[in-house]
Structure formats: C-alpha cells, structure tokens
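Chemist: Show me how the following folds:
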Amino acid sequence: MRSPVRLLLAVLMSLMLGISLAPMPGCLTKSEKPKLPAKPDARYTVKGILEALPAAGPPKQELSVHHEAIPDFVNSQGKAVGMSEMIMEFPEIAKGVSLKELKVGDEIEMTFEVYWKHKEGEPPVRWVVSKLTKLGAGVHPNLSKPSETAPADKDKPTQPAKPGDGSKKGTGT
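Modeler: This is a model prediction of the structure:
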C-alpha cells in the first residue's frame, strides 16, 4: 500500500511531465505548420532565375529566386503597392512541386501564393510556391539587375574604376 505522500508526489510528477511535453502555442516545428486556408489572399506568376535550392542546414537554405517586379502586388491591408525586382526566399513549397530537374542559375516561371496572418499564432505572412517550371528556349525573365548566379558578361569591363576618373568600369552598370 502506498503512502498518501508518495501517491501525491507521483501524481504531481505525472502532471509536470505531461505539461512539459505538451506543445506550447506559437512553438510549432516545421512539420507542424498551421494548415493553409483553402484560398490564398493573392497569387502571382513571375519569371526569374534560381539563386538557391533548398538544402538542409546548418545554415538551412531555402528556395531563393531573383524575380521580376510585380507591379500589382497587394499588401496585407489590401492596397496595391507593387513589389520591386528582388532576390526573395520562399520557405514553403507546395506538395507536388518538383525541384528535381532544376539547378541554380536556371531561368524559371513560378506561381506563388500569399497568405496573410488572419489568426493569432499564425506567422505574419506565408509565401508558398505552388508551381515552378523551367523556361523554354528564347524565353527570359525581364530583369534589370544581373543575377548573382548569372554568368559574367564578357563584354563588361572587369577592371576596378580608378578614383576620380568618372568611369563606371567594373561596376557592371
């Protein structure tokens, strides 16, 4: 027969262990991300160049794309603010999107969905790549800045500019 003190200690230990193993709100692991709503807040299709493919860390690497400007991009308040051409990371890739045939430097077209925060405990925004395809021959992204992974242009000077000569040698512009 157990003493009441031992029984009480056993119950308290069980409760403390159960509480410490319970998931805390807001502390979700990657595999426990909240389910996406049925419909995204916005969807955009852009062309770009793959800058990085997902890789396990450390440091963890996400899909990174140098994409065209998105003139009709809408912010979380519903205002059309546009989005400049940029290199952007996409931490989520929808099921069914394959990266197997792609490599860094490939010119691509992708569709990504935007999910703005709607409930407490959700991240402020989620960018989810829902489609990703390699561009065909003769089709190129409309990028004004050179991509970090694009091959160097042989016609551009590589000599550093001399101070005060007013040239833009070596700047790539």
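Chemist: where along the chain do the helices fall?
Modeler: Along the chain, counting by DSSP state H, helices occupy 4-21.
Chemist: what residue ranges in it score low on pLDDT?
Modeler: Within the chain, the segments meeting pLDDT under 70 span 1-34, 147-173.
Chemist: So which residues of it form strands?
Modeler: With strands called from DSSP state E, the chain shows them at 42-52, 63-67, 86-90, 92-93, 107-116, 125-134.
Chemist: What strands line up against the first one, and which way round?
Modeler: Read it as strand 42-52. Pairing partners of strand 42-52, with direction, according to DSSP bridges: strand 63-67 (antiparallel), strand 107-116 (antiparallel).
Chemist: closest to T45 out of the ones you listed?
Modeler: strand 107-116 (4.5 Å; Cβ to Cβ). Every residue, glycine included, has its C-beta placed from N, CA and C.
Chemist: tilt between the closest one and strand 125-134?
Modeler: If you take axes from the mean of the first three to the mean of the last three Cα atoms, to 10 degrees, strand 107-116 sits at 160 degrees to strand 125-134.
Chemist: Now do strand 107-116 and strand 86-90, the angle between them.
Modeler: Put simply, strand 107-116 runs at 60 degrees to strand 86-90, going by the same axes, to 10 degrees.
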